[in-house]
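# any chance you can model this:
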Amino acid sequence: MNGTLADCRNERHSAARKFVVDASGVQTCRCRVCGCDLRRMPAMRRWFRSGMMG
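This next block holds a predicted model:
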């Protein structure tokens with residue numbers, strides 16, 4: 001999926017291929033387009049923005 005800045009503004013981020021998994025199974029990576037931090041829970045398929053505004 002190739003995202004655009006318009007997609008990022010609508011919370012449809014394009015996750016980078018490289019991600020980190022913590023002890024509880026939460027995956028963390030960065031958006032390819034805007035560079036924001038993203039997180040995904042083990043049971044969910046969608047990436048969500050994390051950090052101060054997420």
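# this protein: strands as residue ranges?
20-21, 27-30, 37-40, 48-49 (DSSP state E).
# got any ranges where this structure has weak pLDDT?
1, 51-54 (pLDDT under 70).
# and among the strands of the chain, the most buried is which?
Ranked by mean neighbour count, the strands of the chain are led by strand 37-40 with a mean of 19 (mean count of other Cβ atoms under 10 Å). From N, CA and C alone the C-beta is placed, and that goes for glycine too.
# pull up the pairing partners for that strand, direction included.
strand 27-30 (antiparallel), strand 48-49 (antiparallel) (DSSP bridges).
# with distance to Pro42 as added columns, please give the ones you listed in a markdown table.
Shown next, in a markdown table, are the strands paired with strand 37-40 (distance: least, Cβ to Cβ, whole Å):
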| stretch | distance to Pro42 |
| --- | --- |
| strand 27-30 | 8 |
| strand 48-49 | 13 |
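# now do Arg45: how many residues are near it, please.
Neighbourhood size, Arg45 [other Cβ atoms under 10 Å]: 6.
# bridged to the most centrally placed residue in the chain, which residues?
In the chain, the residue lying closest to the centroid (Cα atoms, centre = their mean) is Leu38, at 2.9 Å. Leu38 has the following beta-bridge partners by DSSP bridges: Cys29, Arg49.
# I'd assumed His13 was in contact with it.
Yes. Proximity of Leu38 to His13 meets the contact threshold set by Cβ atoms under 8 Å, at 5.7 Å.
# what is in contact with those two at once?
Common neighbours of Leu38 and His13 are listed as Cys31, Trp47, Arg49 (criterion: Cβ atoms under 8 Å, 6 or more residues apart in numbering).
# and these as TSV, adding distance to Asp7?
Below are the shared contacts of Leu38 and His13 laid out as TSV (distance: Cβ to Cβ, whole Å):
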residue	distance to Asp7
Cys31	9
Trp47	12
Arg49	12
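# out of these, which is nearest to Val21?
Trp47 (13.5 Å; Cβ to Cβ).
# mind listing what the closest residue to the closest one other than its chain neighbours touches?
Sequence neighbours aside, Leu38 is the residue nearest to Trp47 in space, at 4.3 Å (criterion: Cβ to Cβ, 6 or more residues apart in numbering). Under the criterion of Cβ under 8 Å, 6+ apart, the neighbours of Leu38 are His13, Ala15, Thr28, Cys29, Arg30, Cys31, Trp47, Phe48, Arg49, Ser50.
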